[in-house]
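In: Structure for the following, please:
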Amino acid sequence: MDVCRLDISGLSTTCPRRCSCDSAHSVQCYRTTEVPREIPSTTRRLYISHSKIKQLQITDFRRMSALEEVVLSCSGTESVENNTFKALSTLKSLELHKNHLTRIPTFLPAGLEILKLGDNSIKTLHASDFEGLRELRVLDIRNNLVATLRLSAFSSLGNLQSLTVDGNKLESVSAPSNLPSLKYLSMANNRISTFPPSFFASFQNLQFLSLSGNFLTKVPLDLPKSLLSLKFEKNRLKTIRLRDVKHLENLSEFLLSENQLSSIDGAQLLPNLTTLELAKNQLHAMPLRLPGRLQKLDCSNNLIQRVTAQDFQGLQDLKHLFLDNNAVRVFEAGALQQCVQLSNLALEQNLLISIPLRLPDTLARLDLKGNGIEDVGEQELKDLKQLQVLNLRNNKISALNRKVLEYLPRLRHLYLDGNPWNCTCDLLRTRRALMDKGTDVRGGQCAAPAERRGESWMSSSKILHQCQDNLSSMEKGKEDRKKMKPYDSSSIGANTDDDYYDYELD
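Out: Next comes the predicted model:
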């Protein structure tokens, strides 16, 4: 194989063709058909990807006694010869993801701490696969073909802290052996419908548990009280009795989206809960008695019809509230007054006919797209001095008084398209006021008068011309200087559907 010379700190060494070597003893190789023989013996980190290496052999790594990390991905590897890695006493991390392995490599070095074998074709886990790996902390076997999980196979892994078996074909799991150090367990996107009694009892230090994307109909009752995060999305829950999990006093994140829940009560029994996600369920009303430390509540895509002050009593820490895609007709004035830190309120795709009154003055983003709002008045917006984003798309608004905008000194983004605008010269004055503020406006098309129907009231030169007699010469000069910039047709998208904005708020 051709090699190129590389001089590092005055020492002459070699770097194989199709590889790059650096002074930190790292080597990266691409599109090879074998592990290059000329890799320097001092190499500590070896990365090989997008190659065609069907089999790994003992001879591939015999000279590399200093290896600490090996990553071989997307290389079509189907098998690993026994003892290939055994002699690498310094190896701490081995990643062989996105290959075609059907079994876990045998006789791995005792000092291994990280083993990642995701996206292969492994079907079975044996206790012998992990024998002697007492230092292993991270095991990732996601996206394989494992159908049965016997945690007794991990009996020798006393230091295991993270286990990921997402995206396999798991239908059953057996009672585990003791894994005293396990903190992170993810079994998402499998076919699990139930767990054996006391399955979780031995995980006394478990902090993060993901069971999303399974066939579970109830939350296991033996979850460890050490849990901080519990992910239960995309299951088959129809009801949940939070009193059954009230022992989870440390739980901070509880994700229950995409189930079949029709109600939920008693979340106040989880005193440290800061995130509760209930999107895409069948809730007809807001959850009752929410915990006072809640910072994020997602009830989007449900069947909620009313929002009252009682729903939000004591939620002084709430910052993000998502109620979009419901059937909200009634939004009680001042319903969110106790939410003194609320910055993000999503109410799009509901049945509101007006902007709710007495919204918190802390709001930075307010999304009201797809309702039946006909008017934008001073009373609704006068207190929103911090508002930076206002989305009024696809409502029934025909006029916008420029005086209303004076109450919104920090408004940066305004979305107005999809409304039946009456394009009078007063609306043009509103346009000028928005330009003066430097607000990024996505305008809309005129519905009236008839001669202007279909034109954009933010960029039409025809409307500008017809209204110019009503402008003072100074105002006209200002229009000429700013004419079509930055609001010309190339920058105004009448139907741009970017409801979830990428920019950051101040």
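In: Where do the helices of the stretch 151-300 of the chain begin and end?
Out: Counting by DSSP state H, counting those that start in this stretch, the stretch 151-300 of the chain has no helices at all.
In: where does it have low pLDDT?
Out: Scanning the stretch 151-300 of the chain for pLDDT under 70 picks out 176-177.
In: mind listing the strands for it?
Out: Counting by DSSP state E, counting those that start in this stretch, the segments of the stretch 151-300 of the chain that form strands are 162-164, 172-173, 184-186, 208-210, 229-231, 253-255, 275-277, 296-298.
In: distance of the closest residue to L270 other than its chain neighbours from P420?
Out: Closest residue to L270 apart from its sequence neighbours, by C-beta to C-beta, 6 or more residues apart in numbering: L251 at 5.2 Å. For the C-beta atoms, the positions are set from N, CA and C on the backbone; glycine is no exception. Separation of L251 from P420 (C-beta to C-beta, to the nearest Å): 48 Å.
In: And the two? Which one has more around it.
Out: Taking other C-beta atoms under 10 Å, L251 and P420 do not tie; L251 has more neighbours (25 against 15).
In: How about the contacts made by the more buried one?
Out: 227-230, 245, 270, 272-273 (C-beta atoms under 8 Å, 6 or more residues apart in numbering).
In: rerun that using 10 Å as the cut-off
Out: The neighbours of L251, taking C-beta atoms under 10 Å, 6 or more residues apart in numbering as the test, are 207, 223, 225-230, 245, 270-276, 291.
In: are any of these buried, and which?
Out: Buried members of the contacts of L251, counted by 16 or more other C-beta atoms under 10 Å: 207, 223, 226-227, 229-230, 245, 270, 273-276, 291.
In: Closest one to R432 out of those, please.
Out: Taking C-beta to C-beta as the measure, R432 lies nearest T275 of these, at 43.0 Å.
In: Name the SS class of T430, please.
Out: With DSSP: H, G, I helix; E, B strand; the rest coil as the basis, the three-state label of T430 is helix.
In: ok, now how distant is it from V404?
Out: 9 Å.
In: Show me which of the two is the more surrounded one.
Out: Taking neighbours as other C-beta under 10 Å, T430 and V404 compare with T430 leading, 22 against 18.
In: thought that one was touching N422?
Out: No. The criterion here is C-beta atoms under 10 Å, and T430 misses it with N422 at 11.6 Å.
In: Between the two, which contacts overlap?
Out: Counting by C-beta under 10 Å, 6+ apart, the contacts common to T430 and N422 are 399-400, 457.
In: Filter the residues you listed down to just the ones in helices.
Out: In helices, defined here by DSSP state H, there are no members of those.
In: just the buried members of the residues you listed?
Out: 400, 457.
In: quick one: which of the shared contacts of T430 and N422 is nearest L149?
Out: Using C-beta to C-beta, L400 comes nearest to L149 of those, at 59.3 Å.
In: where does the protein have low pLDDT?
Out: Low-confidence segments of the chain, defined by pLDDT under 70: 1-13, 176-177, 459-461, 463, 468-506.
In: if you set the cut-off to 80 instead, what comes out?
Out: Along the chain, the parts satisfying pLDDT under 80 run over 1-14, 175-178, 242-244, 265-266, 457-506.
In: Would you confirm that L345 belongs to a strand?
Out: Yes. Judged by three-state DSSP, L345 forms part of a strand.
In: how far away is it from F322?
Out: L345 sits 8 Å away from F322, going by C-beta to C-beta.
In: And T424, by the same measure?
Out: Distance from T424 to F322, counting by C-beta to C-beta: 36 Å.
In: returning to that earlier point: what is the nearest of the shared contacts of T430 and N422 to S79?
Out: Nearest to S79 among the shared contacts of T430 and N422, counting by C-beta to C-beta, is W457 at 67.4 Å.
In: Not counting sequence-adjacent ones, nearest residue to that closest one?
Out: C423 (4.6 Å).
In: what's the answer for Q295, then?
Out: Excluding the flanking residues, the one nearest Q295 by C-beta to C-beta, 6+ apart is T274, at 4.5 Å.
In: Same check on G266?
Out: Of all residues not flanking G266 in the chain, L242 sits nearest, at 3.8 Å (C-beta to C-beta, 6+ apart).
In: Could you pull up the contacting residues of the one you found?
Out: By C-beta under 10 Å, 6+ apart, the contact list for L242 reads 219, 248, 254, 264-270, 273, 287, 289.
In: Let's see the ChimeraX selection covering just the buried ones among the residues you listed.
Out: Typed into ChimeraX, the line below selects the buried ones among those, using 16+ other C-beta under 10 Å:
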select :219,248,254,264,266,267,268,269,270,273,287
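In: so which of the contacts of L242 would you say is closest to S73?
Out: Using C-beta to C-beta, these come closest to S73 at F254, 34.3 Å.
In: beta partners of that closest one?
Out: Note on F254: beta-bridge partners by DSSP bridges are L230, L276.
In: Just confirm C446 is within a strand.
Out: Yes. Assigned with three-state DSSP, C446 falls within a strand.
In: Would you agree it is in contact with P420?
Out: Yes. Assessed by C-beta under 10 Å, C446 is found in contact with P420 at 8.6 Å.
In: so what sits against both of those two?
Out: Taking C-beta under 10 Å, 6+ apart as the criterion, C446 and P420 both touch 398, 453.
In: Need the residues touching each of L345 and F322.
Out: Common neighbours of L345 and F322, counting by C-beta under 10 Å, 6+ apart, are D367.
In: Using PDB, list the CA coordinates for stretch 40-59.
Out: Once non-C-alpha atoms are left out, stretch 40-59 reads as follows in PDB (Å, rounded to 0.1, in the frame of the first residue of the first chain):
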ATOM      1  CA  PRO A  40       1.700   4.200  13.300                       C
ATOM      2  CA  SER A  41       2.200   2.000  16.400                       C
ATOM      3  CA  THR A  42       1.700   5.100  18.600                       C
ATOM      4  CA  THR A  43      -1.800   5.600  17.400                       C
ATOM      5  CA  ARG A  44      -4.300   6.200  20.200                       C
ATOM      6  CA  ARG A  45      -7.500   6.900  18.300                       C
ATOM      7  CA  LEU A  46      -8.400   5.200  15.100                       C
ATOM      8  CA  TYR A  47     -11.400   6.200  13.000                       C
ATOM      9  CA  ILE A  48     -12.400   4.200   9.900                       C
ATOM     10  CA  SER A  49     -15.600   4.900   8.000                       C
ATOM     11  CA  HIS A  50     -17.400   4.300   4.700                       C
ATOM     12  CA  SER A  51     -15.100   1.500   3.800                       C
ATOM     13  CA  LYS A  52     -15.400  -2.100   2.600                       C
ATOM     14  CA  ILE A  53     -13.900  -4.200   5.400                       C
ATOM     15  CA  LYS A  54     -15.900  -7.500   5.500                       C
ATOM     16  CA  GLN A  55     -13.900  -9.000   8.400                       C
ATOM     17  CA  LEU A  56     -11.800  -7.800  11.200                       C
ATOM     18  CA  GLN A  57      -8.800 -10.000  12.200                       C
ATOM     19  CA  ILE A  58      -6.300 -10.200  15.000                       C
ATOM     20  CA  THR A  59      -3.500  -9.200  12.600                       C
END
